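>>> this is a predicted model, with the sequence first.
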Amino acid sequence: MNTVFTIAKKNIRQYGMLLALAAAMIFFQVLTDGVLLRPVNLTNLILQNSYILILAIGMLLCILTGNIDLSVGSVVAFVGAISATLMVDKGIPAIPAMLLALVVGGLIGAWQGYWIAYIKIPAFIVTLAGMLIFRGMALVVLQGQSKGPFPELFQSLSSGFMGDPFGSDKNYMTILVGVAAALVIVFNEIHKTRKQKKFGFEGLPVWAVAVKTAFLIAVVMAFALVFASYKGIPNIMILLFVLIMIYNFLTTKTIPGRHIYALGGNAKAAKLSGIKTEQVMFWIYTNMGVISALAGMVFAARLNVATPKAGQNFELDAIAACYVGGASTTGGIGTVLGAIVGGLFMGVLNNGMSIMGIGIDWQQAIKGFVLLGAVAFDLASKAKNR
């Protein structure tokens, strides 16, 4: 019979970061006298970190191949500048302008992906060049000045909230969404457990599954009640949920997703097995360009202005979110949910330390120690498994 210690040891990589996030939230909730989990602060926490979480989803795919993308912050600034030019200067409506901005992001990603996949220039060099090129292009487009404001429809991308059709002050729609999410969690755990038993895979014992499910339901409902007591669910949270579902399905349930993991695990073996590794790499960086464009629009919508300094250090935050969330430095290991949890963990650290009045200098240092610890844990885990 599995002991609690044995189960914890086997699942430390999968659930360790989730427990760390919960511990960090409880820690700062106590130290900030309850300010951290107030509805207004929790909403701001999601809004302030939304673009990093979006970038982390795309960055994870790059990291799964054993590479990174250093250009995403500059692409965020450049796409924000393009969006401002289209909507503010040219008067193009928000939706067509947003679609054009996504196309621009896709073209940038495809351009970089071509050099990486087919010319075989290391991704580090190509994206470093991209970081310089698109930061400069953002300055050129904006002529060194900020540009805004944006149309209300565009602003709602980052600052809007899901309406309540019941017209109630208690926002019952948000609570219903929480209940629906809880039911999905229960269904997913039951389905996963039955599938493991059907194929003879070793999984968690029933009591551990029950504890895990109860914990997730409690967290989901608690957040639903908190959001319901303020303005409801932010639009950006809905967008994030959709992205998480799409990319989690892509990486875990599809053949292209398995190809990405295979490429990161052993590129030569993947190529010999028939995987078109160049195409996989090309589309990963094309996707990163689209994701960067989306993050750029979200950031510009939140500020309600495009600025050439937008996106500074975003690439570092997105990379840190993936590594803290359990992605391997050598590729082939990592999950979308892990990257999101890692991003939220870093966001809670930032927010909690800011509330406590800790200076930005110490915040940066502490985040650096956390990142170093996460990578050291990854290497130590690999050493034990050898």
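Cool, the structure landed.

>>> the most centrally placed residue in the chain and residue 45, how far apart?
Per CA atoms, centre = their mean, the C-alpha nearest to the average position across the chain is that of residue 53, at 2.8 Å. Residue 53 sits at a distance of 11 Å from residue 45 (criterion: CB to CB, to the nearest Å). Placement of C-beta: from N, CA and C, glycine included.

>>> now do residue 133
Distance of residue 133 to residue 45, given as CB to CB: 33 Å.

>>> same check on residue 107?
Taken as CB to CB, the span from residue 107 to residue 45 is 33 Å.

>>> comparing these two, which shows the higher neighbour count?
The residue with more neighbours, out of residue 107 and residue 45, is residue 45; 19 against 14, by other CB atoms under 10 Å.

>>> centre of the chain to stretch 100-112, how far?
Stretch 100-112 sits 19 Å away from the centroid of its parent chain (CA atoms, centre = their mean, to the nearest Å).

>>> report the buried residues of it.
Within stretch 100-112, the residues that count as buried by 16 or more other CB atoms under 10 Å are 100-102, 104-106, 108-112.

>>> which of those residues fall in strands?
Among those, DSSP state E puts none in strands.

>>> out of those, which one sits closest to residue 233?
Nearest to residue 233 among the buried residues of stretch 100-112, counting by CB to CB, is residue 102 at 23.4 Å.

>>> quick one: contacts for the closest one?
By CB atoms under 8 Å, 6 or more residues apart in numbering, the contact set of residue 102 is 290, 293-294.

>>> could you find the closest non-adjacent residue to residue 57?
The shortest distance from residue 57 to any non-neighbouring residue, by CB to CB, 6 or more residues apart in numbering, is to residue 247 (5.2 Å).

>>> thought the one you found was touching residue 54?
No. The criterion here is CB atoms under 8 Å, and residue 247 misses it with residue 54 at 10.4 Å.

>>> these two - which one has more neighbours?
A direct count of neighbours by other CB under 10 Å for residue 247 and residue 54 places residue 54 higher, at 29 against 22.

>>> what helix or strand is the more buried one located in?
Counting by DSSP states H and E, the element that carries residue 54 is helix 39-64.

>>> and the helix or strand following that helix, what does it pack onto?
Going down the chain from helix 39-64, the next helix or strand is helix 72-84, by DSSP H and E. Where contact means 3 or more CB pairs under 8 Å, 6 or more residues apart in numbering; DSSP states H and E, helix 72-84 is packed against helix 39-64, helix 94-117, helix 123-142, helix 277-303, helix 314-324.

>>> give me the angle between helix 72-84 and helix 277-303.
Using axes from the mean of the first three to the mean of the last three CA atoms, to 10 degrees, the direction of helix 72-84 lies 60 degrees away from that of helix 277-303.

>>> alpha carbons of helix 72-84, as PDB, please.
What follows is helix 72-84, C-alpha atoms only, in PDB (Å, rounded to 0.1, in the frame of the first residue of the first chain):
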ATOM      1  CA  VAL A  72       9.000  38.500 -27.200                       C
ATOM      2  CA  GLY A  73       9.300  41.700 -25.200                       C
ATOM      3  CA  SER A  74      10.300  43.700 -28.300                       C
ATOM      4  CA  VAL A  75       7.500  42.100 -30.300                       C
ATOM      5  CA  VAL A  76       5.100  43.200 -27.600                       C
ATOM      6  CA  ALA A  77       6.200  46.800 -28.000                       C
ATOM      7  CA  PHE A  78       6.200  46.600 -31.800                       C
ATOM      8  CA  VAL A  79       2.700  45.100 -32.100                       C
ATOM      9  CA  GLY A  80       1.400  47.700 -29.600                       C
ATOM     10  CA  ALA A  81       2.900  50.400 -31.900                       C
ATOM     11  CA  ILE A  82       1.300  48.800 -34.900                       C
ATOM     12  CA  SER A  83      -2.100  48.600 -33.100                       C
ATOM     13  CA  ALA A  84      -1.900  52.300 -32.200                       C
END
